[in-house]
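Enquirer: Based on what follows, work out the 3D shape:
(one chain, ligands or ions: 2)
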Amino acid sequence: MSTSFLPLNESLYRYLVDQSSEGRDPLLTQLRRETGTLGDVAEMAISPDQCAFLSFITSLIGAQYAVEVGTFTGSSSISIARGLIPGGRLVCFDQDFRYTSIARRYWFNAGLQNKIELRLGNAHQLVPRFRAAGPLDLVFIDADKEAYDFYYESLLPMVRVNGLIIFDNMLRGGKVVDPVGRTEPATRAVDELNRKLATDPRVQSVMVPIADGLHLCRKRERGY
Ligand code: DHB
Ligand code: MG
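Expert: Numbering: from 1, shown residues only. Ligands and ions are numbered 1, 2, ... in the order given. As a prediction, the model looks like this:
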């Protein structure tokens with residue numbers, strides 16, 4: 001079969017992580033190790049290539065004001081906050097005190113505590129009540145999958161033209177194309193959102209196969 005893509009294996013994956021600026025970042029490596037001691041939930045942390053990618057994208061667009069929904073132990077927030085311009089700000093929504101306590105500790109260790117603000121509580125309630133202090137440059141959504149579309153619709157109006165909304169886990173471990181897996185509620189929600197985003201006139205969208213799949217959306221000019 002002829003393919004126009006290269007399937008990754010462990011050594012290729014290691015190679016691309018190691019050959020990325022933040023791929024071997026000591027603080028993120030230490031955080032990943034500590035998160036690993038929590039057990040199976042550790043898989044919710046974003047991967048080293050995602051960390052490098054988020055920092056890159058955040059810097060690329062000169063982001064000043066960002067929002068994250070789903071913080072867990074902090075690897076994505078650290079990656080985003082590191083990419084912000086000086087004086088930039090990241091608002092994080094998460095309901096878990098224990099996991100975000102780890103995140104807070106690493107924000108401090110990374111010297112990012114003044115750039116990141118945690119809104120601890122249920123994002124279903126907090127996100128629609130959130131009033132951004134200015135236009136958002138970047139939104140990262142990595143929380144409960146069935147509420148992704150709700151977070152998207154709540155936050156898109158606050159995103160500036162050419163700002164980005166990025167979603168994690170948009171391939172659902174391959175289940176989006178699995179006849180049985182697709183019927184699972186979280187996967188169905190993600191699949192429906194992927195299809196919606198691809199044809200949503202308000203955004204330009206691209207899916208990239210980083211880790212469990214990221215879906216990137218750029219907000220278009222008014223009037224499309
Ligand atoms: C799950 C959630 C995530 O955001 C992720 O990256 C991996 C797994 C989960 O809910 O299982
Ligand atoms: Mg995720």
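Enquirer: from here on, contacts and neighbour counts on C-alpha atoms
Expert: Will do.
Enquirer: Verify the stated contact: Val176 with Asp191.
Expert: Yes: in this structure, Val176 is within contact of Asp191 by CA atoms under 8 Å, at 5.8 Å.
Enquirer: Pull up the overlap in contacts between the two.
Expert: Residues touching both Val176 and Asp191 by CA atoms under 8 Å, 6 or more residues apart in numbering: Arg182.
Enquirer: Give me the distance between Val177 and Asn169.
Expert: 13 Å (CA to CA, to the nearest Å).
Enquirer: neighbour count winner among these two?
Expert: Asn169 (22 against 13; other CA atoms under 10 Å).
Enquirer: what's the closest non-adjacent residue to the more buried one?
Expert: With sequence-adjacent residues excluded and distances taken as CA to CA, 6 or more residues apart in numbering, Asn169 is closest to Asp212, at 4.7 Å.
Enquirer: Per-residue pLDDT of that neighbour, please?
Expert: We note a pLDDT of 98 for Asp212 in this prediction.
Enquirer: What of Glu43?
Expert: 98.
Enquirer: Ok, the one 10 residues further on next?
Expert: With respect to pLDDT, Phe53 has a value of 98.
Enquirer: what residues are up against it?
Expert: Under the criterion of CA under 8 Å, 6+ apart, Phe53 has no neighbours.
Enquirer: can you confirm it is in a helix?
Expert: Yes: if the criterion is DSSP: H, G, I helix; E, B strand; the rest coil, then Phe53 is within a helix.
Enquirer: separation between it and Val177?
Expert: The spacing between Phe53 and Val177, counted by CA to CA, is 25 Å.
Enquirer: do Arg131 as well
Expert: Here the criterion is CA to CA. By it, Arg131 lies 37 Å from Val177.
Enquirer: what do you get for Leu60?
Expert: 32 Å.
Enquirer: now the longest helix along the chain, how far from the chain's geometric center?
Expert: For the chain, the helix reaching the highest residue count under DSSP state H is reported as helix 185-199. Mean-position distance between helix 185-199 and its chain equals 16 Å (CA atoms, centre = their mean, to the nearest Å).
Enquirer: which helices and strands does that helix pack with?
Expert: In terms of contacts (3 or more CA pairs under 8 Å, 6 or more residues apart in numbering; DSSP states H and E), helix 185-199 is packed against helix 148-155, strand 203-208.
Enquirer: Quick one: neighbours of the spatially closest residue to Cys51 that is not a sequence neighbour, just the number.
Expert: Nearest residue to Cys51 in three dimensions, chain neighbours excluded: Ser79, at 5.3 Å (CA to CA, 6+ apart). By other CA under 10 Å, 23 other residues sit near Ser79.
Enquirer: and if you look at Val206?
Expert: Neighbour tally, Val206, other CA under 10 Å: 14.
Enquirer: okay, the residue lying closest to it once chain neighbours are set aside: pLDDT?
Expert: In space, and not counting its chain neighbours, Val206 is closest to Leu216: 5.3 Å by CA to CA, 6+ apart. If you check Leu216, the pLDDT there is 99.
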